[in-house]
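[1] Just the structure for this:
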Amino acid sequence: MALRLAAHPFSVVFLLLLAVHALAQPQPDDAGCNGILLTYTLQGRDKIRPFVPAPDSQPYAFRANATVRNSGTRPLRSWAMLLTFVHGEILVSVDGAVLTSGGDMPYNTTAAGAATSFTGYPQADLLTPIDTAGDLAKIQATVNLVGTLFAGPEPFQPLPSALSLADPAYACPPATNVSSSLSTCCVLTPAAAAGNTTSASETRRRTGDLVITYDVLQAHETTYLALVTLDNNAPLGRLDGWQLSWAWQRGEFISSMRGAYPREVGAGACLYGPQGQYYEGIDFSQVLNCDRRPVVVDLPPSRADDADIGRIDHCCRNGTILPKSMDVAHSKSAFQMEVYKMPPDLNRTKIHPPASFEVHGASPLNPEYACGQPIPVSPSEFPDPSGLASTTVALASWQAVCNITTSTSTSTTAGSASSKPPRCCVSFSASYNESVIPCRTCACGCPASARSTCSTTTPSMLLPPYALLMPFERRAKEALSWAEEKRLSVPNPMPCGTRAAINWHVATDFDGGWSARLTLFNWGDEDMQEWFTAIVMDKAYDGFEQAYSFNATAVGNSTIFIKAREGFNFLLRETNMSGVDYPVPGKLQSVLSFTKKTTPGIDVVAGDGFPSKVFFNGDECAMPLRIPSQSAANRGGIITMLLGLAASALLLLL
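    This is a model prediction of the structure:
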């Protein structure tokens, strides 16, 4: 043997390299773990600049890896691992997984929250040792992490404080620290083991405000055909001029599309990259997009029947997706694309979906979405295109769930970095009070100079009704004049201005019922088509009868859903009206009637006649902090009715 090895010195070197490589790899000890073994190992860290005197503020470049090993009897599908970093870790690169949140690098784990979730990619499923004869390549996934952390010098080992699976079907005990490596063994909960609960890793179809489905319809050695569908499930959410983007993870690029189009067309990244070197015979002038993160937009209706890029169901609506409560047929959008793959995925079964989906609307009234990573689901089924009574099944399907982010719009302070101000505001008025109450100060955001020119916290001042038709910058002057005329107090400093895009006016109140007038204002520079609004009436809901100029439906949860009737579909843009020296908004209004027979004891004037929440085109509006009051002098039927008629006539002229 010695002579044989001496005759092959390269063999000796090769064997030594293999031994060193094997020792360098993490070898988690799964003795006693008959579930999912999770480990985290800090491989090393290096001090980097800037050098600071405080030990716990010194930055270090660190390298670590985490492993997920299936040592149980059930496949672990679409695994997701949670790591709680506590040393200010900033992730610079992640290999073997993607961030479940879809965040971009560098990723600040401290700012993101208590735990950072990693989703398996491209190895999303881990089979069992029984089904694979213990093949580590099929039962274990390794995540390599590189980043920056802030901690004291060695020999201190800056490890995460917690390690677990993001799957309610598994229970993970607190991780233990063994030889500077965290590990825990997650086991099925008794309910999951008995089959009484559903694992998060099962391939069921997903639900959420907006679901992006990525279906593979055809697969070839180097290409595949994908159908991408955006399905709106939010009861009040809508998108106008949607833009969809994602991140390719394996060097893919888009050859052609139908039903949508890249915002930027060009193949320069392919031509001078590895794609151009591998696909030497392709005419890249015909390739649509080679960006790692392409941005795709919908086609206009005029291209719906285009033989080259149209003729796809649910396409070509200028990117408008309505809620199902508005129009089921227009609640989804879809497009197809031919995708080229790169080595080592040149096999018709090697298909990986893109990651880190993002979706945005072109209108400032559209909601903002946070999307999770795509998860394998049961293949989609489609009616046979030939019209036969059969079903065509996709080769593979993934779904990414996007949910509407919630803004902290109830805060009365301005300038909060974590809050997203609403884009519509409500004002209250009533026939028994001459003034209009706008929504709270700075409800829709304040200018950067607000604190030096006006108060961002002082309650808003009352307005005359005609001020609702004036631009926001003119309302301060009108509020001062109104205060002087009505002998109202004027705060010092005065509150900053606010918007009033929707007015709710209590018009009448009598023994058997009452009525309100809803007025919509459009201060934008574009007409609003197919608008809708929703009114939440906590105590008056059961008494709702009808709207007279709009279509209104009581849809449950104290919510009245309102949309346009024919002829009222367009809420016109801001215009310059002759006779005034300022622009005026587009305006639509309707009266809503309510009965008191089904709401005994309702007190309209005390507040029961005002909505608690208002939504416009899916965006929750800011509300006033008070309601109009009724003075003692105005109590009484005849006086209330006279004032009601006068105020109604005034608002009809607006």
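
[2] After whichever strand or helix holds residue 376, which helix or strand is next?
    According to DSSP states H and E, residue 376 maps onto strand 375-377. Next along the chain after strand 375-377, taking DSSP H and E as the criterion, comes strand 381-383.

[3] avg pLDDT for that following strand?
    The pLDDT scores in strand 381-383 average 90.

[4] Pairing partners for it, with directions?
    Strand pairing for strand 381-383, using DSSP bridges, gives strand 391-393 (antiparallel).

[5] same question for whichever helix or strand comes after the strand it pairs with, mean pLDDT?
    Later in the chain than strand 391-393, the nearest helix or strand by DSSP H and E is strand 396-404. Averaged across strand 396-404, the pLDDT comes to 93.

[6] Determine how far strand 396-404 lies from the middle of the whole chain.
    Mean-position distance between strand 396-404 and its chain equals 11 Å (C-alpha atoms, centre = their mean, to the nearest Å).

[7] Offset the numbering so it begins at 652, please.
    Right, with 652 as the first residue, what we last looked at is strand 1047-1055.

[8] now the helices: where do they sit in this protein?
    With DSSP state H as the criterion, the chain has helices at 653-657, 660-675, 760-763, 780-783, 787-790, 841-844, 919-922, 925-929, 1101-1104, 1126-1137, 1288-1303.

[9] can you tell me the distance between the two ends of stretch 1135-1145?
    Criterion C-alpha to C-alpha, to the nearest Å; first-to-last residue distance in stretch 1135-1145 is 14 Å.

[10] Now it: buried residues?
    The neighbour-count check on stretch 1135-1145 (16 or more other C-beta atoms under 10 Å) flags residue 1145 as buried. Yep, even glycine has a C-beta here, placed from its N, CA and C like the rest.

[11] for that stretch, what is the average pLDDT?
    So the average pLDDT for stretch 1135-1145 ends up being 84.

[12] Check stretch 783-795 too.
    Across stretch 783-795, pLDDT averages out at 96.

[13] likewise stretch 1234-1247?
    On average, stretch 1234-1247 scores 92.

[14] Low-confidence bits of this protein, can you list those?
    When residues are selected by pLDDT under 70, those of the chain lie in 652-682, 763-764, 847-854, 1057-1071, 1098-1103, 1148-1151, 1229, 1282-1305.

[15] Pick out the residue nearest the middle of it.
    residue 1020 (1.3 Å; C-alpha atoms, centre = their mean).

[16] domains for the chain, by residue range?
    687-845, 861-1055, 1077-1272 (the TED database).

[17] distance between the ends of stretch 1112-1124?
    Separation of the first and last residues of stretch 1112-1124 by C-alpha to C-alpha is 14 Å.

[18] Which positions within it qualify as buried?
    For stretch 1112-1124, by 16+ other C-beta under 10 Å, it's 1112-1116, 1118-1121.

[19] Residue 730: which of those is nearest?
    residue 1119 (55.1 Å; C-beta to C-beta).

[20] Could you double-check that the closest one sits in contact with residue 1087?
    Yes - the pair residue 1119 and residue 1087 passes the contact test of C-beta atoms under 8 Å, sitting 6.3 Å apart.

[21] And for residue 1016, the neighbour number?
    19 (other C-beta atoms under 10 Å).

[22] Include distance to residue 1278 when you put the domains of the chain into JSON lines, please.
    Below are the domains of the chain laid out as JSON lines (distance: least, C-beta to C-beta, whole Å):
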{"stretch": "domain 687-845", "distance to residue 1278": "38"}
{"stretch": "domain 861-1055", "distance to residue 1278": "24"}
{"stretch": "domain 1077-1272", "distance to residue 1278": "5"}
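
[23] quick one, strands of the stretch 652-801 of the chain?
    687-698, 710-721, 731-735, 741-746, 748-750, 758-759, 767-771, 791-801 (DSSP state E, counting those that start in this stretch).

[24] Go through those and pick out the most buried.
    Across these, averaging neighbours per residue (mean count of other C-beta atoms under 10 Å) puts strand 748-750 on top, at a mean of 24.

[25] helices and strands around that one, which ones?
    Contact analysis of strand 748-750 by 3 or more C-beta pairs under 8 Å, 6 or more residues apart in numbering; DSSP states H and E lists strand 767-771, strand 1006-1011 as its packing neighbours.

[26] so how far is it from its chain's centroid?
    18 Å.

[27] Work out the sheet partners of that strand and label each with its direction, please.
    Applying DSSP bridges, strand 748-750 is found paired with strand 767-771 (antiparallel).

[28] Outside of the partner strand itself, list whatever touches it.
    717, 719, 729-736, 742, 745, 747-752, 758, 760, 777, 792, 794, 817, 1023-1024, 1026 (C-beta atoms under 8 Å, 6 or more residues apart in numbering).

[29] how far away is the residue nearest to the centre of the chain from residue 865?
    16 Å (C-beta to C-beta, to the nearest Å).

[30] same check, this time on residue 816
    24 Å.

[31] got it, and residue 1048?
    7 Å.

[32] can you check residue 1139 too?
    As for residue 1139, its distance to residue 865 is 59 Å (criterion: C-beta to C-beta).

[33] show me what contacts the closest residue to residue 1192 other than its chain neighbours?
    Leaving out its chain neighbours, the residue that sits closest to residue 1192 by C-beta to C-beta, 6 or more residues apart in numbering is residue 1209, at 4.3 Å. With contact taken as C-beta under 8 Å, 6+ apart, residue 1209 is in contact with 1187-1189, 1192.

[34] Of all the strands of the stretch 652-801 of the chain, which one comes closest to residue 831?
    Nearest to residue 831, of all the strands of the stretch 652-801 of the chain, is strand 687-698, at 6.2 Å by C-beta to C-beta.

[35] Check the offset of the closest one from the chain's centre.
    32 Å.

[36] partners of it, with directions?
    Its sheet considered, strand 687-698 pairs with strand 710-721 (antiparallel), strand 832-839 (antiparallel) by DSSP bridges.

[37] Send over that strand as CSV, restricted to the C-alpha atoms.
    In CSV, the C-alpha atoms belonging to strand 687-698 read as follows (Å, rounded to 0.1, in the frame of the first residue of the first chain):
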residue,chain,number,x,y,z
ILE,A,687,-36.1,17.7,12.6
LEU,A,688,-32.6,18.6,13.8
LEU,A,689,-31.7,22.3,13.5
THR,A,690,-28.2,23.6,14.1
TYR,A,691,-26.4,26.9,13.9
THR,A,692,-22.6,27.1,13.9
LEU,A,693,-20.5,30.3,14.0
GLN,A,694,-17.6,29.4,11.7
GLY,A,695,-15.5,32.5,12.4
ARG,A,696,-15.4,36.3,12.6
ASP,A,697,-12.9,39.0,11.7
LYS,A,698,-12.6,42.4,13.1
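
[38] now that strand against strand 791-801, angle please.
    30 degrees (axes from the mean of the first three to the mean of the last three C-alpha atoms, to 10 degrees).
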